[in-house]
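> Any chance you can model this:
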Amino acid sequence: MTHPDPTAAVPLPEEKLLHSRQILETLRREMAKAVIGQSTVIDEVLIGLLADAHVLIEGVPGLGKTLLVKALARTFGGDTRRIQFTPDLMPSDVVGHTLFDTVTARFVTRQGPVFTHLLLADEINRAPAKTQSALLEAMQEKQVTLEGETSLLPRPFMVLATQNPIEHEGTYPLPEAQLDRFLLKIRIDYPSEDEEVALTRQVTCAKTGADLDVDAVQTLIDPARVLELQQLAAQVTVDDRVIAYAVALVRATRDAPGIASGAGPRGPIALVRAARARAARRTGLRHARRHQGRRPTGFAASDHAGGGGGNRRSGRRRSAARLVRPGGGPAALRTPQVSTGRRQAMARRLCKPHVGIRYAHRLAPPC
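Sure thing, here's the model as predicted:
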């Protein structure tokens, strides 16, 4: 008598996949009303939201870091709080504190702004390490302990922190333990010339001041719907070879001579979570058909960064996805058509002990 595998993925209904993709595309369009250009940055923030993770946004002043977070908060029907991190900010200003109520003659706990769904930690590197570390328990365990009493945070809970990379006076570098809590570190770059023209026109057309606003962004989802989208992303099938690829990539960082300290076990987990979240947003109908048996293929890791072989087009390797971008942020799985011969060739290369793996391909049935 065989027993079902409790870790096996449950087939996803086609209607749910299509509906979730429509919701995410609508969210993206609404955020783009306030954030001109930066489409890649918007996608990565949505990946962090889908993966139930936290995001660190880095960029020089004036590129719209805070505006991006405010636009996401506008589309979000849950509670949103903002903390402006300063050198004199205390941990109790973040998580809360207890005080003695003279009327009731009892100690009363006052919860801090961390008790929310979406927390904007603006200029997080301007607060000392003891204040930054006040977020460690909240970000990792989704709870806060005050005077020995543990209180759960609302779900979903997401921290979007911003920092300026060019000013070091009066700032405090984030501890490694704090950086480890962020799934993605997103870098905002300068807009293109056309985008900057559109940005300038939008700000200066019959408006006072010099800032963009989020009044045009509409509220589209509530916390319950966000949890549904996160559960849907968690059910995306990931082939064992993709997991093996992520582990091999992270383990290679521990032996690289130019790296002082390699990534820990959270590294491959972060890669797979981010890839799975993006796959849920990108694959749509094709993912549902794969589960229904029309095309029994899954995601698998193969290939390496410097190796050759396989079909080439215009001197470049055709890849299904890059889990790690040159900027360091994990991307997700894409699903172009791959020939049978191509899949077999890549499957043979899986047996080779390459540690510089970069690409993930559709090779094998789902796990």
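> Ignoring the adjacent residues along the chain, who's closest to Gln38?
Once flanking residues are discounted, Gln38 sits nearest to Ile188: 6.3 Å by C-beta to C-beta, 6 or more residues apart in numbering. (C-beta placed from N, C-alpha, C; glycine too.)
> likewise Asp213?
Ala34 (7.1 Å).
> hang on, the earlier thing: how about the residue nearest to Gln38, what does it touch?
Each residue near Ile188 by C-beta atoms under 8 Å, 6 or more residues apart in numbering is listed here: 38, 41, 57-59, 63-65, 68.
> what residue of the protein is the furthest out?
Centroid-distance maximum for the chain: Val103 at 45.8 Å, with C-alpha atoms, centre = their mean.
> Could you give the backbone dihedrals for that one?
Note on Val103: backbone dihedrals following degrees, to the nearest 10 are phi -70, psi -50.
> Return the residues in contact with it.
By C-beta under 8 Å, 6+ apart, Val103 lies in contact with nothing.
> Which ones among the contacts of Ile188 map onto helices?
41, 65, 68 (DSSP state H).
> same for the strand or helix carrying Arg251, what does it pack against?
Using DSSP states H and E, Arg251 sits in helix 240-255. Here helix 240-255 touches helix 266-282, strand 300-301, going by 3 or more C-beta pairs under 8 Å, 6 or more residues apart in numbering; DSSP states H and E.
> List the buried residues of it.
Under the neighbour-count criterion of 16 or more other C-beta atoms under 10 Å, helix 240-255 has 241-250, 252 buried.
> SS state for the closest residue to Arg254 other than its chain neighbours?
Nearest residue to Arg254 in three dimensions, chain neighbours excluded: Gly262, at 3.0 Å (C-beta to C-beta, 6+ apart). Remark: Gly262 carries the secondary structure label coil [criterion: DSSP: H, G, I helix; E, B strand; the rest coil].
> what's the answer for Pro154, then?
Assigned with three-state DSSP, Pro154 falls in the coil class.
> Quick one: residues contacting it.
Applying C-beta under 8 Å, 6+ apart to Pro154 gives the contacts 78-79, 115-117, 223.
> Please apply the same query to Ala161.
Neighbour list for Ala161: 54-57, 120-122, 124, 182 [criterion: C-beta under 8 Å, 6+ apart].
> which is the next helix or strand following the host helix or strand of it?
Per DSSP H and E: Ala161 is located in strand 158-163. Of the helices and strands lying after strand 158-163 in sequence (DSSP H and E), the nearest is helix 176-179.
> what's that next one packed up against?
Packed against helix 176-179 by the contact rule (3+ C-beta pairs under 8 Å, 6+ apart) you find no helix or strand.
> Okay, now the unreliable bits of the chain?
Flagging of the chain using pLDDT under 70 yields the residue ranges 1-13, 206-212, 283-367.
> longest helix of it?
In the chain, taking DSSP H as the definition, the longest helix is helix 14-34.
> Can you lay out the buried residues of helix 240-255 as CSV showing distance to Arg281?
Compiled in CSV, these are given as follows (distance: C-beta to C-beta, whole Å):
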residue, distance to Arg281
Arg241, 22
Val242, 17
Ile243, 20
Ala244, 24
Tyr245, 21
Ala246, 19
Val247, 24
Ala248, 26
Leu249, 22
Val250, 24
Ala252, 28
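> which of the residues you listed lies closest to Ala138?
Ala138 lies nearest to Val250 out of these, by C-beta to C-beta, at 25.2 Å.
> show me the contacts for that closest one.
Contacts of Val250 (C-beta under 8 Å, 6+ apart): 262-265, 267-268, 271.
> need the contact list for the closest residue in space to it that isn't next to it in sequence.
Spatial nearest neighbour of Val250, excluding adjacent residues (C-beta to C-beta, 6+ apart): Gly267 at 3.7 Å. Gly267 makes contacts with 246, 249-250, 253, as judged by C-beta under 8 Å, 6+ apart.
> and if you look at Ala32?
Ala32 makes contacts with 39, 42, as judged by C-beta under 8 Å, 6+ apart.
> Can you tell me how far Leu89 is from Arg29?
35 Å (C-beta to C-beta, to the nearest Å).
> The two: which has the busier surroundings?
A side-by-side neighbour count of Leu89 and Arg29, using other C-beta atoms under 10 Å, places Leu89 first with 19 against 14.
> Tell me the one among the buried residues of helix 240-255 nearest to Arg282.
Closest to Arg282, out of all of the buried residues of helix 240-255 and judged by C-beta to C-beta, is Val242, at 14.9 Å.
> all strands in this protein, in order from the N-terminus.
55-58, 80-84, 96-101, 106-111, 118-122, 143-146, 149-152, 158-163, 184-187, 300-301, 312-313, 316-317, 321-322, 359-361 (DSSP state E).
> Kindly export the second one (C-alpha atoms) in PDB.
Okay, so that is strand 80-84. Extracted in PDB, the C-alpha atoms of strand 80-84 (Å, rounded to 0.1, in the frame of the first residue of the first chain):
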ATOM      1  CA  THR A  80       0.600  50.700   6.800                       C
ATOM      2  CA  ARG A  81       3.100  52.400   9.100                       C
ATOM      3  CA  ARG A  82       6.200  54.500   8.500                       C
ATOM      4  CA  ILE A  83       9.300  54.900  10.700                       C
ATOM      5  CA  GLN A  84      11.800  57.600   9.900                       C
END
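> Can you tell me the strand partners of that strand and which way each runs?
Strand pairing for strand 80-84, using DSSP bridges, gives strand 118-122 (parallel).
> What are the buried residues along the partner strand?
Result for strand 118-122 [16+ other C-beta under 10 Å]: buried residues 118-122.
> Any idea how far stretch 62-78 is from the middle of the chain?
15 Å (C-alpha atoms, centre = their mean, to the nearest Å).
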